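**Q** pasting the sequence and the predicted coordinates here, then a few questions.
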Amino acid sequence: MGKIKIGLAVMFLAAAVLAAPGGTEKGERTGEFFKELNLTEAQTKQLDDNRKTAAKTMRDNQESARKEYGNLFDELAKDNPNTGRIAQIKLNILELESKRLDGMIDNASGLKKVLTKEQFAKFQEKQKERGKKGKITKEDKPE
């Protein structure tokens with residue numbers, strides 16, 4: 001049950017990270033997702049800054065995690081793998097995953113701080129709509 005809650009939280013937060021407005025060199029918002037929220041220029045800048053910070057953190061953590069997974073697979077491929085080393089690599093991977101999740105939570109919290117209550121409510125509604133697109137419902141499934 002706990003894994004399901006974490007998975008749902010990760011999906012929501014990842015969507016928030018990816019949905020944050022993109023910008024051009026002039027700082028104009030280009031994200032269709034946010035156009036209906038009527039963001040102020042200050043809000044757009046804050047959300048763009050949050051998105052950039054979150055994206056950099058996520059990239060850095062993913063790169064480190066890939067290296068650790070490589071180390072893990074290398075150790076497991078040995079004739080006599082060192083269980084102590086495997087345990088340490090596992091801890092490193094879990095720490096990196098935790099940092100990644102913390103970054104996603106920070107980004108989502110930043111989103112909520114920047115948007116008004118009305119904008120955030122509209123954002124959540126758009127998230128739900130976005131999540132439903134492309135999903136097959138029970139009614140759509142052939143029997």
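**A** Great, that's in hand.

**Q** give me the distance between residue 66 and residue 88.
**A** Distance from residue 66 to residue 88, counting by C-beta to C-beta, to the nearest Å: 17 Å. C-betas here are computed from N, CA, C, even on glycine.

**Q** ok, these two, which is more surrounded?
**A** residue 88 (15 against 11; other C-beta atoms under 10 Å).

**Q** quickly find the element holding that one.
**A** According to DSSP states H and E, residue 88 maps onto helix 83-114.

**Q** tell me the buried residues in the next helix or strand after that helix?
**A** Next along the chain after helix 83-114, taking DSSP H and E as the criterion, comes helix 117-132. Using 16 or more other C-beta atoms under 10 Å as the test for burial, helix 117-132 gives 119, 122-123, 126-127.

**Q** what do you get for stretch 88-105?
**A** Residues 89, 92-93, 96, 99-100, 103-104 are the ones in stretch 88-105 that count as buried (16+ other C-beta under 10 Å).

**Q** tell me which of the buried residues of helix 117-132 is nearest to residue 109?
**A** residue 123 (13.4 Å; C-beta to C-beta).

**Q** hmm, the closest one is touching residue 35, no?
**A** No: using C-beta atoms under 8 Å, residue 123 is not in contact with residue 35; the gap is 11.8 Å.

**Q** can you give me the neighbour number for the residue lying closest to residue 76 once chain neighbours are set aside?
**A** Using C-beta to C-beta, 6 or more residues apart in numbering and skipping the chain neighbours, the partner closest in space to residue 76 is residue 86 (7.0 Å). Residues lying near residue 86 (other C-beta under 10 Å) number 15.

**Q** what's near enough to touch residue 86?
**A** 72, 75-76 (C-beta atoms under 8 Å, 6 or more residues apart in numbering).

**Q** from residue 48, how far off is it?
**A** Between residue 86 and residue 48 the computed distance is 41 Å (C-beta to C-beta).

**Q** with residue 104 instead?
**A** Residue 104 sits 17 Å away from residue 48 when distances are taken as C-beta to C-beta.

**Q** what's the answer for residue 120, then?
**A** Residue 120 sits at a distance of 17 Å from residue 48 (criterion: C-beta to C-beta).

**Q** shaky segments in the chain?
**A** Where the chain drops to pLDDT under 70, the residues are 1-33, 133-143.
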